[in-house]
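# need a 3D model of the following:
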Amino acid sequence: MNHQGPTRKNESADRLASVEGQSSGTAETTAGWANRPVVPDYELLRRIGGGAYGEVWLARSKATGVLRAAKIVSRQSFDDDRPFQREFEGIQRFERVSREHPSQLSLFHIGRNDTEGYFYYVMELADDVRSREASGASLSEETAQTYQPRTLRADLAQGRLPTAQVLEIGITLTEALDRLHRSGLVHRDVKPSNVIFVNGRPKLADIGLVTDASDTRSIVGTEGYLPPEGPGTPEADIFALGKVLYEAVTGQDRRRFPELPPELKEWPDRTNVLEINEIVLKACGSDAGGRYLKCEEMLAELNLLARGKSVKRQRRRQQGLVVCKKAGWALTAVAMVLGALIYERGHFARSEYSSEGPPSTNVDAAKLCAKGILVIRGDNTAEFKEAYTNFHQAIGLDPHFARPYIGLLELLVREDVPNAGPPEPEELRQIAGQLKKLAPNLAATWCAQAIINWYDWNYPEAQRCALQAIQADPNYELAHTWYGFMLCMGGYPAEGRAQMEISMVLAPSKVTLYQGLGQTYYIQRDFTNAITWERKALELEPHHASAFYTIASAQLAMGDYSNAMINFEQAEINFGVDPSLARKWHDQWRRAFDEGGARGYWQKHWDGTKQNLNREFYWKAVVQVHLGNTDAAFGWLKKSCDIHERRTAGSLDSPLNYLLLDDCWDGSHDDPRFKALLDKIGFTKVKPPGAQ
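Reported below is the predicted structural model:
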């Protein structure tokens, strides 16, 4: 469908972009200025971009000397006043949004000159294309003369991007579009030349095109990035972003979509390319009904890939659950009749609560749940995934059945499910919410509340709920285990170990208890005992990823880098990282260690962080403190804390929850900045048993 209405002059398929959309060189003016335009408080140095929609100038603040980009939009670029006014109103609306989240391009000043017939806005300056991550705002006088902004299009001119970087860009831009759409705005021209990098972070630019989502009167967009139904909607923005990711991951022009490169089979990262392509195919599908309807849907799958999981497998699992649920509804009528008969004959009623909540009147749901419970409490690791499916099928058959939620809680929180990665945040919150609704007084329900509060940095409430769980059922092992874990991570390892020893009596075969006991020694810097207990965990479960990780961390702390790298590699493989990719990474780090010792090892890790443009702030802090750059490390720690970094990782957990566990900060405990961070996070509110 074509959208009719007034359009800008000189519209073409591939317009020259502004600095936000990155045209290099000194573009010829299209506005026909009689005199150089004026922006109050700024000196316009030279034109750095331009096109049908205005010109972009390199501008210097007269007050601070900081360099910015200033866009001048002339009334002469439009057929009549209304579209010109509409563009100005769009910028006014975006100005508020630009300050609400770092995903947006920041605007510093907006104004208009009705006498000369133009409006203007001052914004962040893109990085210099030659210095890559160097901030454009900090250019020297000399480099400012030859400055050219860095865009995604400029990066793609060098070839396709690494899949990790494509994911980083996809997540960041999807978050940006999501914020825009939630504010009732659409971008209308998402493409590589309209993606700039500011301090290494990709941002959507050419914001002069942003308008109200209800405004479909302007034909805007670039051929090849537009969906068949036309531009100007949130769905069209998502479609365009899919094409951008297609170009980034394949290195091919968007017009060749959905074709994949013939040499793909030779690429070492072909598995990851195909996973990203699954997202691209859904974003850009020919059937509009099958595409992502909202950015949050696309973001969820991008985050899934970022955590090393498979989108293909996740979709197959969801389809299976849908089929199971539909089958469950078909049995509902029979189950209701059967339940009524059981109730009348006095076998059991839903009002009769066992220690694990009310039983189900649906025989199949009860059977599936019982089977799953036997699997996880019998430590049958190989069947954990089947148990996960059984619990969900039981819920599908009887949504009011509490026991499968208890099974899911124990499975996701305590068990080390092979290749499963961290539990999904929304799933854990849903489990906690359903348990509170269905069986509010159970030990498992209080335990679930303790877990959610711990992850939310509400430590006093987390401890209160953990103690309530123990009071509700002193023999519920997970309550003691989780309370012990919280005490340990909060700086009370001996007290935490005492709780885990109670758990050991209640459930002596649980691998997680051995691994947790190892961590209590690790936080006391008794690395020998830590390794001993982690190896006991591996005797029970040879593929326990967390045990390998703690052993590696202890070896690293003792200076045994060679063995640490072996165990880190094994941990990553068991966490679900592709073995060939894990070996590739660790081979690089081994070479760096052989050539430059510990410093070379950490420097190589620092070089690798550049692939994660605006993520993993905590890891960057760890690397910097190992390199001896304490001030830089605290800067990254602050960033991690300010954004509560777990949100960007798509997980409830935050690396800052393990701040006292990580030995690299031992030399900083007396630093006022470290103490302030502990207080801000809430560790100072963690109390030993009896002091609550």
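
# pLDDT below threshold where in the stretch 501-650 of the chain?
Scanning the stretch 501-650 of the chain for pLDDT under 70 picks out the ranges 612-613, 644-650.

# repeat the analysis, applying 80 as the threshold.
Within the stretch 501-650 of the chain, the segments meeting pLDDT under 80 span 509, 610-615, 643-650.

# which parts of it are helices?
511-523, 527-540, 545-557, 561-575, 579-609, 617-626, 630-642, 646-649 (DSSP state H, counting those that start in this stretch).

# does anything pack onto the longest strand anywhere in the chain? Which helices or strands?
Counting by DSSP state E, the longest strand found in the chain is strand 42-51. The contact analysis (3 or more CB pairs under 8 Å, 6 or more residues apart in numbering; DSSP states H and E) places strand 42-51 against strand 54-61, strand 67-74. For glycine as for every other residue, the C-beta is placed from the backbone atoms N, C-alpha and C.

# leaving out the residues flanking it, which one is nearest to Thr222?
Spatial nearest neighbour of Thr222, excluding adjacent residues (CB to CB, 6 or more residues apart in numbering): Lys191 at 5.2 Å.

# sorry, back to before: mean neighbour count, mean pLDDT and distance to Asp155 added to the helices and strands packed on strand 42-51, as a markdown table?
A markdown table is the format used below for those (neighbours: other CB atoms under 10 Å; pLDDT from 0 to 100; distance: least, CB to CB, whole Å):
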| stretch | mean neighbour count | mean pLDDT | distance to Asp155 |
| --- | --- | --- | --- |
| strand 54-61 | 24 | 87 | 19 |
| strand 67-74 | 24 | 90 | 19 |
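
# tabulate those in a markdown table, adding columns for distance to Arg112.
Shown next, in a markdown table, are those (distance: least, CB to CB, whole Å):
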| stretch | distance to Arg112 |
| --- | --- |
| strand 54-61 | 12 |
| strand 67-74 | 9 |
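
# how about those strands, which one is nearest Tyr120?
strand 67-74 (5.1 Å; CB to CB).

# distance from the chain centre to the next helix or strand after that closest one, please.
As assigned by DSSP states H and E, the chain's next helix or strand after strand 67-74 is helix 81-98. For helix 81-98, the separation from the chain centroid amounts to 30 Å (computed by CA atoms, centre = their mean, to the nearest Å).

# helices or strands up against helix 81-98?
Checking 3+ CB pairs under 8 Å, 6+ apart, helix 81-98 ends up next to strand 67-74, strand 107-113, strand 118-123, helix 163-182, strand 185-186, strand 211-212.

# measure stretch 467-480 end to end?
9 Å (CA to CA, to the nearest Å).

# any idea how this structure splits into domains?
Domains of the chain are assigned by automatic domain parsing as 42-306, 310-404.

# any buried residues in the longest strand of the chain, and which?
42, 44, 47-51 (16 or more other CB atoms under 10 Å).

# do the same with stretch 593-602
593, 601-602.

# for stretch 676-692, C-alpha coordinates in CSV please.
The C-alpha coordinates for stretch 676-692 follow below in CSV (Å, rounded to 0.1, in the frame of the first residue of the first chain):
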residue,chain,number,x,y,z
ALA,A,676,30.1,3.3,48.8
LEU,A,677,29.4,0.7,46.1
LEU,A,678,28.7,-2.0,48.7
ASP,A,679,26.3,0.4,50.4
LYS,A,680,24.6,1.4,47.1
ILE,A,681,24.0,-2.2,46.1
GLY,A,682,22.8,-3.1,49.6
PHE,A,683,25.4,-5.5,50.8
THR,A,684,25.8,-3.5,54.0
LYS,A,685,22.2,-4.5,54.8
VAL,A,686,23.0,-8.3,54.8
LYS,A,687,22.9,-9.5,58.4
PRO,A,688,24.2,-12.7,60.0
PRO,A,689,21.7,-15.2,61.5
GLY,A,690,20.1,-13.9,64.7
ALA,A,691,20.7,-10.2,63.8
GLN,A,692,17.7,-9.8,61.4
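
# about what we covered before: would you mind giving the helices of the stretch 501-650 of the chain as TSV with distance to Pro688 added?
Shown next, in TSV, are the helices of the stretch 501-650 of the chain (distance: least, CB to CB, whole Å):
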stretch	distance to Pro688
helix 511-523	14
helix 527-540	21
helix 545-557	23
helix 561-575	31
helix 579-609	35
helix 617-626	26
helix 630-642	24
helix 646-649	26
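
# to Gly308, which of those lies closest?
Of those, nearest to Gly308 by CB to CB is helix 561-575, at 6.7 Å.

# which one of the helices and strands packed on strand 42-51 lies closest to Trp454?
Short answer: strand 67-74, nearest of the helices and strands packed on strand 42-51 by CB to CB, at 43.1 Å.

# tell me the strands beside that closest one, with direction?
If you go by DSSP bridges, strand 67-74 pairs up with strand 54-61 (antiparallel), strand 118-123 (antiparallel).

# so can I have a markdown table of those showing distance to Ser98?
What follows is the strands paired with strand 67-74, written out as a markdown table (distance: least, CB to CB, whole Å):
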| stretch | distance to Ser98 |
| --- | --- |
| strand 54-61 | 16 |
| strand 118-123 | 8 |
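
# of all those, which one is nearest Glu275?
Nearest to Glu275, of all the strands paired with strand 67-74, is strand 118-123, at 34.5 Å by CB to CB.

# between that closest one and strand 42-51, how many degrees?
Going by axes from the mean of the first three to the mean of the last three CA atoms, to 10 degrees, strand 118-123 is angled at 100 degrees with respect to strand 42-51.

# contact partners of strand 118-123?
By CB atoms under 8 Å, 6 or more residues apart in numbering, the list of residues contacting strand 118-123 from outside reads 20, 31, 37, 39, 42, 54, 59, 68-75, 87-88, 91, 95, 105-113, 207-208.

# contacting residues around the residue nearest to Asp178 when sequence neighbours are not counted?
Nearest residue to Asp178 in three dimensions, chain neighbours excluded: Cys295, at 3.7 Å (CB to CB, 6+ apart). For Cys295, the contacting residues are 174-175, 177-178, 181, 234, 238, by CB under 8 Å, 6+ apart.

# who's in contact with the closest residue to Tyr121 other than its chain neighbours?
Once flanking residues are discounted, Tyr121 sits nearest to Ile110: 4.6 Å by CB to CB, 6+ apart. By CB under 8 Å, 6+ apart, the residues touching Ile110 are 91-92, 95, 119-122.

# quick check, nearest of the residues you listed to His480?
When the contacts of Ile110 are compared against His480 (criterion: CB to CB), the nearest one is Glu95, at 53.3 Å.

# so what's the residue count around that closest one?
For Glu95, the count of nearby residues is 18 (other CB atoms under 10 Å).

# and the closest residue to it other than its chain neighbours, what pLDDT?
Among residues not flanking Glu95 along the chain, Leu107 sits closest, at 4.8 Å (CB to CB, 6+ apart). Leu107 carries a pLDDT score of 88 in this model.
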